[in-house]
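In: I would like the atomic coordinates for the input below:
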Amino acid sequence: MTGLDPGLGAGTGSGTGPGPGSGTDALPSADSTARERPQTRTRTGIAAAASAALVTAARRTVTIALVAALIPVAAALLIAVTVLSAPVSIPSRGAWRPTRMAGFLLVYLVVDLAGVLAASALFLHHPRADRDRRAAEAFALLARLLAVLRKVADRLFHLEVEMTPALPVGDRPPDVPLVVFVRHAGVGDSFLLLQTLLTDVRLLPHTVLKGVLRADPCLDVLLGRVPHCFLPPAHGTAEDAITELAAGLRSRDALVIFPEGGNFTPRRHRRAIASLRRLGQYRRAARAARLRYVLPPRDAGSLAVLAAAPTAEVVFVVHSGLDVIASARAAWDFLPFRRPVRVHWWRIPAAEVPVGDAARSEWLLGQWERMDRWTAEQAVAATPHV
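Out: Presented below is the predicted three-dimensional model:
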């Protein structure tokens, strides 16, 4: 950004305004005031950017140090739980749950720190790389890291994914960008989806995430180099940030958003219905009350995406199997997995997306009703529901 030099109003004794000899300070002219405003905005923007950079640097310093400190702790925990559980697990051929969980925690921390170091090495190797190259390198590194975590989860937790319909095969990217609306339920669903998009479908995910994920230093660093949106944003509204992200989509890009805003729980379901009633949306509240396994989608971000990316095709993704892991106790009970994680998706051409916010709102809720019916068919007794 550039600014203009500030101008000062210079009155003269012959004018009607006060001049230098009038005994009062000269007032700025309208033209000079107009010239001052861009300069003020420039200085404000620079100060805001500097402040944000300092906050980011401080946050990353703390989180990286914390991850590094936790690695030996996790290693000691792994040894301790393995030794303590061995006398029981070996004779009974037990599931070794403490060892599996501690082992995955250790791998996660090591991969996270390795990702930060690798990202730093890439920056030092290509300090003047343009934005597209930085993004491509970050996506490639993120794909490798997620693939490692996926393999470890497969081995430790018997994670198996069944996808219907089968994913398209081939390296040819889609001719149009995609908007991917995803059901949010269970631990790790966002990581599994990103890994699938990057590795199996070869798309570049532009993701809308909760700001709390900045506490993961590897995600913080890598996503800082690719198009993304943390909510709430540092500046402006969530809708503005999502709109900007969606407007920049190109072929081979996929904007990923979780319209429910969080994992399903009966309490969140009741709160969502109560909120709709307070807004006077009684018909929508009645439809939402009939959903048993999913939360009603929030309109603001979803409608902003559809408006900003009118040529994008829309993909809906629903899954079952991760949703039973709704707490630490549930993780203890259901890991390792006893059945595959089932994922179902469907794709809608841009021409079939309704026009107008009201029609799109009804349409989105209808898609979530379809998700609810599919989840009900897959659910086991422990699946959270109303």
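In: quick check: mean pLDDT of stretch 362-376?
Out: Taken as a whole, stretch 362-376 carries a mean pLDDT of 97.
In: mind listing residues that contact that stretch?
Out: Residues from elsewhere that reach stretch 362-376 (C-beta atoms under 8 Å, 6 or more residues apart in numbering): 181, 183, 259, 284, 287-288, 290-294, 296-297, 299, 302, 316, 318, 320, 323, 344, 353-354, 383. Every residue, glycine included, has its C-beta placed from N, CA and C.
In: cool, and stretch 279-294?
Out: 183, 185, 260, 264, 269, 272-273, 276-277, 295-296, 318, 323, 361, 365, 368-369, 371-372, 375-376, 379, 383-386.
In: from the residues you listed, which land in helices?
Out: 269, 272-273, 276-277, 361, 365, 368-369, 371-372, 375-376 (DSSP state H).
In: narrow those to just the buried residues.
Out: Applying 16 or more other C-beta atoms under 10 Å to the ones in helices among the contacts of stretch 279-294, the neighbour count classes 269, 272-273, 276, 361, 365, 368-369, 371-372, 375 as buried.
In: now the residue positioned nearest the centre of the chain: closest residue in space, sequence neighbours ignored.
Out: Nearest residue to the geometric centre of the chain (C-alpha atoms, centre = their mean): Leu209, 2.1 Å. Residue nearest to Leu209 in three dimensions, not counting chain neighbours: Phe230, with 5.7 Å by C-beta to C-beta, 6 or more residues apart in numbering.
In: what helices or strands is the helix or strand harbouring that neighbour leaning on?
Out: Per DSSP states H and E, Phe230 falls inside strand 228-231. Strand 228-231 sits against strand 204-210, helix 238-247, with contacts defined as 3 or more C-beta pairs under 8 Å, 6 or more residues apart in numbering; DSSP states H and E.
In: quick one: list the elements packing against the helix or strand harbouring Val107.
Out: Element membership of Val107 [criterion: DSSP H and E] is helix 97-125. On a contact count with 3+ C-beta pairs under 8 Å, 6+ apart, helix 97-125 meets helix 30-92, helix 131-157, helix 217-223.
In: tell me the angle it makes with helix 131-157.
Out: Angle of helix 97-125 versus helix 131-157, following axes from the mean of the first three to the mean of the last three C-alpha atoms, to 10 degrees, is 160 degrees.
In: related to what we said a few turns ago, for the residue nearest to Leu209, list the residues it contacts.
Out: 209-211, 213-214, 223.
In: swap in 10 Å and give it another go.
Out: 207-214, 219-220, 223-224, 238, 241 (C-beta atoms under 10 Å, 6 or more residues apart in numbering).
In: where does the protein dip in pLDDT?
Out: Along the chain, segments meeting pLDDT under 70 span 1-42, 44-45, 48-49, 92-93, 169-174.
In: one step back: pick out whichever of the contacts of Phe230 sits closest to Asp112.
Out: The shortest gap between Asp112 and any of these belongs to Leu219, at 8.3 Å (C-beta to C-beta).
In: run a quick neighbour tally on that closest one.
Out: 23 (other C-beta atoms under 10 Å).
In: gap between it and His228?
Out: 9 Å (C-beta to C-beta, to the nearest Å).
In: what's the overlap in contacts for those two?
Out: The contact lists of Leu219 and His228 share 207, 209, 213, where a contact means C-beta under 10 Å, 6+ apart.
In: contact partners for His184?
Out: 190, 257-264, 294-295, 319, 323.
In: could you dump the contacts of Phe230 to a markdown table with distance to Phe337?
Out: Output for these, formatted as a markdown table (distance: C-beta to C-beta, whole Å):
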| residue | distance to Phe337 |
| --- | --- |
| Thr207 | 25 |
| Val208 | 27 |
| Leu209 | 25 |
| Lys210 | 25 |
| Gly211 | 30 |
| Val212 | 26 |
| Leu213 | 24 |
| Arg214 | 29 |
| Leu219 | 24 |
| Asp220 | 29 |
| Leu223 | 28 |
| Gly224 | 33 |
| Ala238 | 34 |
| Ala241 | 35 |
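In: any of the residues you listed buried? List them.
Out: 207-209, 214, 219-220, 223, 238, 241.
In: closest to Ala52 out of those residues?
Out: Closest approach to Ala52 among the buried ones among the contacts of Phe230 (C-beta to C-beta): Arg214, at 12.2 Å.
In: any idea how far Gln281 is from the nearest residue to Thr99 once chain neighbours are set aside?
Out: Nearest residue to Thr99, sequence neighbours excluded (C-beta to C-beta, 6+ apart): Thr82, at 4.7 Å. Applying C-beta to C-beta, the value for Thr82 to Gln281 is 53 Å.
In: end-to-end on stretch 231-241?
Out: One end of stretch 231-241 sits 8 Å from the other (C-alpha to C-alpha, to the nearest Å).
In: list the buried residues in that stretch.
Out: For stretch 231-241, by 16+ other C-beta under 10 Å, it's 231, 233, 238-239, 241.
In: hmm, who's touching it?
Out: Counting by C-beta under 10 Å, 6+ apart, 45, 48, 51-52, 55-56, 208-213, 228-230, 242-245, 257, 261, 298, 300-301, 303-305, 307-308 sit against stretch 231-241.
In: pull out the buried residues from those residues.
Out: Counted by 16+ other C-beta under 10 Å, those give 208-209, 228-230, 242-243, 245, 257, 298, 301, 303-305, 307-308 as buried.
In: mind checking how far stretch 323-337 is from the chain centre?
Out: Relative to the centre of its chain, stretch 323-337 is centred 23 Å away, using C-alpha atoms, centre = their mean, to the nearest Å.
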